[in-house]
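Asker: no sequence on hand, only this structure:
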């Protein structure tokens with residue numbers, strides 16, 4: 001089980017997925033693949049909303065105690081906004097039949113759901129945080145998928161993007177996303193330390209932000 005959770009954590013790492021999406025979006029700009037521009041906007045919106053909810057709690061303690069909500073899960077939101085369009089892009093040309101496109105798209109949503117679920121046994125997020133994250137990302141993916149047409153994109157482009165992003169992640173000293181968010185929250189709020197989950201104006205909530213994996 002631990003090995004599976006570790007794999008899902010890696011597959012949901014925003015550094016890997018945003019890097020892959022970025023590479024594919026850049027490739028799409030050269031190949032005049034218009035749907036990638038919509039993807040850029042959708043992923044950017046997901047990231048901004050997710051970041052805002054995290055900063056609100058870590059910096060000022062704003063959350064919803066009744067739902068154990070202290071910020072949208074980045075793993076859940078980014079995975080659901082990246083994996084479905086990325087896997088669908090694999091089938092756009094050589095595997096262009098509807099059944100392949102639909103199958104790979106559904107696989108993307110299921111993979112994102114599995115990544116979101118993995119945050120629960122790791123005690124990284126609450127059910128409300130992963131659910132809202134997945135729904136936010138899935139909504140963005142549906143918007144992008146509706147824009148995906150038959151523009152040319154060679155079959156290996158999504159795979160090259162994933163490999164390239166993983167290579168950059170392995171070579172470059174890119175800090176974990178959670179730590180960047182914590183530092184930003186401290187800077188904006190003027191606080192010396194981020195808020196813990198028990199700092200909402202209600203009875204204590206277990207501190208899931210002690211593990212900087214998101």
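Answerer: The structure has been received and is ready for your questions. In this text, all values refer to a predicted model and were calculated from it rather than measured experimentally.
Asker: show residues contacting stretch 132-148.
Answerer: Stretch 132-148 is contacted from outside by 34-35, 38-39, 42-43, 45-46, 49-50, 69, 72-85, 88-89, 92, 105, 108-109, 112-113, 116, 125, using CB atoms under 8 Å, 6 or more residues apart in numbering. (C-beta placed from N, C-alpha, C; glycine too.)
Asker: now that stretch: buried residues?
Answerer: Neighbour counts over stretch 132-148 (16 or more other CB atoms under 10 Å) mark 132-134, 136-145, 147-148 as buried.
Asker: before we move on, the earlier item: buried members of the contacts of stretch 132-148 into PyMOL, please.
Answerer: Of the contacts of stretch 132-148, the buried ones can be selected in PyMOL as follows, counting by 16+ other CB under 10 Å:
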select buried, resi 35+38+39+42+43+46+49+50+69+72+73+74+75+76+77+78+79+80+81+82+83+84+85+88+89+92+105+108+109+112+113+116+125
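Asker: okay, and which of the contacts of stretch 132-148 map to strands?
Answerer: Counted as lying in strands by DSSP state E, out of those, is not a single one.
Asker: ok, the closest residue in space to residue 51 that isn't next to it in sequence to residue 47 distance?
Answerer: Nearest non-adjacent residue to residue 51, counting by CB to CB, 6 or more residues apart in numbering: residue 181, 6.6 Å away. Per CB to CB, to the nearest Å, residue 181 is found 11 Å from residue 47.
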